[in-house]
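Engineer: build me a model:
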Amino acid sequence: MVPFFVQIKCQLGKSYQVADKLADAEIASEIYSTAGDFDLLVKFYVEDGTDVGHFVNEKVQTIPGILDTRTIITFKAF
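Structural biologist: Coordinates of the predicted model:
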């Protein structure tokens, strides 16, 4: 499994609805609300060989209430 994180900027007042939709879709491992430029930090795991860009484009960015995303690819957990 390949882990990666996505920072999500939501429409004003929509952070909790977006988090609920992500949880309902059962595609995220962990979902956190955050302060700063982005509203949510979400950890995902995909199978080896899965195109992360397509996953984010098709499974994450299509959720209503999302304005912007920033994907963080990880290399090694310590």
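Engineer: can we go C-alpha only for contacts and neighbour counts from here?
Structural biologist: Will do.
Engineer: list the contacts of whichever strand or helix holds Val18.
Structural biologist: Using DSSP states H and E, Val18 sits in helix 15-25. Helix 15-25 has contacts (CA atoms under 8 Å, 6 or more residues apart in numbering) with 10, 28, 31, 33, 39-40, 60, 63-66.
Engineer: following element in sequence after it, please.
Structural biologist: strand 30-33.
Engineer: so which bits of that following strand are buried?
Structural biologist: By 16 or more other CA atoms under 10 Å, the buried positions in strand 30-33 come out as Ile31.
Engineer: next: stretch 37-54.
Structural biologist: 38-45, 52.
Engineer: Leu12 and Val60, how far apart?
Structural biologist: Noted for Leu12: a distance of 18 Å to Val60, by CA to CA, to the nearest Å.
Engineer: which of those two has more residues huddled nearby?
Structural biologist: The neighbour count for Leu12 versus Val60, taken as other CA atoms under 10 Å, is higher for Val60 (20 against 10).
Engineer: for the residue nearest to the more buried one when sequence neighbours are not counted, give me the pLDDT.
Structural biologist: With sequence-adjacent residues excluded and distances taken as CA to CA, 6 or more residues apart in numbering, Val60 is closest to Leu22, at 7.8 Å. Note on Leu22: pLDDT of 98.
Engineer: with the one 4 residues further on instead?
Structural biologist: Confidence per residue is given as pLDDT, and for Glu26 that number is 97.
Engineer: picking up where we left off before, among the contacts of helix 15-25, which are in helices?
Structural biologist: If you go by DSSP state H, these have nothing in helices.
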